[in-house]
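J.: below are the sequence and a predicted model for it; my questions follow.
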Amino acid sequence: MDILIRPVEPTEYDDLGTITAQAYLQDNLLDFGEGDEYLRVLKDVAGRAAAAEVLAALRDGRVLGGVTFVPSGGPMADIAGPNEAEIRMLAVSHAARGQGVGEALVRSCLARARATPGCRSVVLSTQRTMHAAHRIYERLGFLRTPERDWNPIPELTDITLLTYELTL
């Protein structure tokens, strides 16, 4: 079964927003559940698509997941510096997990980074409990960069995002 990766279309924003939000909620990745402010960001695919490249993974016309690719210097970058691209908000529906969707999305981001003039590496942040995602990143050659680990909500000291980097 082939997976198609392409820029998300406006008619798919709601589906991808729901998949992304549900992936984070079902995996207990949001500190405040439905009341988490970040949930609004996860659902706002239109806002992300206006500031970065949002890719959708589809099979038979059905959205299975997506990712936000932030080219070097993009406004949605959390940790990317000069000559770095960033991968954000990788999410796959629970029904489609284990079918290569996440890896296909990451590979597509890597191809875009390689096609971006001056881009020398791809960086990302991930939560400690995202073990399946860690396996994808490590299988594709990403290395942990603990010196870049960071906390997006300083008042909550127990949230430290792990960082990875792949040199192109």
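T.: Right, received. Where do you want to start?
J.: remind me which residues of the protein are low pLDDT?
T.: 1, 30-36, 154-158 (pLDDT under 70).
J.: contacts for stretch 110-118?
T.: Stretch 110-118 has contacts (Cβ atoms under 8 Å, 6 or more residues apart in numbering) with E53, F69, P71, S72, N83, A85, C119, S121, V122, L140, L166, L168. To be clear about C-beta, it is placed using only N, CA and C from the backbone, and glycine gets the same treatment.
J.: and if we set it to 10 Å?
T.: For stretch 110-118, the surrounding residues in contact (Cβ atoms under 10 Å, 6 or more residues apart in numbering) are 5, 53, 55, 69-73, 82-87, 119-123, 140-142, 166, 168.
J.: weed out the non-buried ones from those residues.
T.: Neighbour counting over those (16 or more other Cβ atoms under 10 Å) leaves 5, 53, 55, 69-72, 84-87, 119, 121-123, 142, 166 as the buried ones.
J.: looking at those residues, which are in strands?
T.: 5, 53, 55, 69-70, 84-87, 121-123, 166 (DSSP state E).
J.: got CSV for those residues, with distance to R114 too?
T.: Listed next are these as CSV, based on distance: Cβ to Cβ, whole Å:
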residue, distance to R114
I5, 15
E53, 14
L55, 15
F69, 12
V70, 15
E84, 13
A85, 9
E86, 15
I87, 13
S121, 11
V122, 9
V123, 15
L166, 10
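J.: what's the closest of those residues to R148?
T.: Of all those, V123 has the smallest distance to R148: 7.4 Å, by Cβ to Cβ.
J.: isn't Y38 up against L29?
T.: Yes: counting by Cβ atoms under 10 Å, L29 is a contact partner of Y38 at 9.0 Å.
J.: contacting residues for the residue nearest to G100 when sequence neighbours are not counted?
T.: The shortest distance from G100 to any non-neighbouring residue, by Cβ to Cβ, 6 or more residues apart in numbering, is to I3 (6.5 Å). Each residue near I3 by Cβ under 10 Å, 6+ apart is listed here: 57-59, 64-65, 96, 99-101, 103-105, 108.
J.: now list the buried members of those.
T.: A57, L58, L64, G65, A96, Q99, V101, E103, A104, L105, S108.
J.: give me the element the residue nearest to the fifth one when sequence neighbours are not counted is part of.
T.: Spelled out, it's A96. Spatially, and ignoring its direct neighbours in sequence, A96 is nearest to L64 (4.0 Å; Cβ to Cβ, 6+ apart). Counting by DSSP states H and E, the element that carries L64 is strand 62-70.
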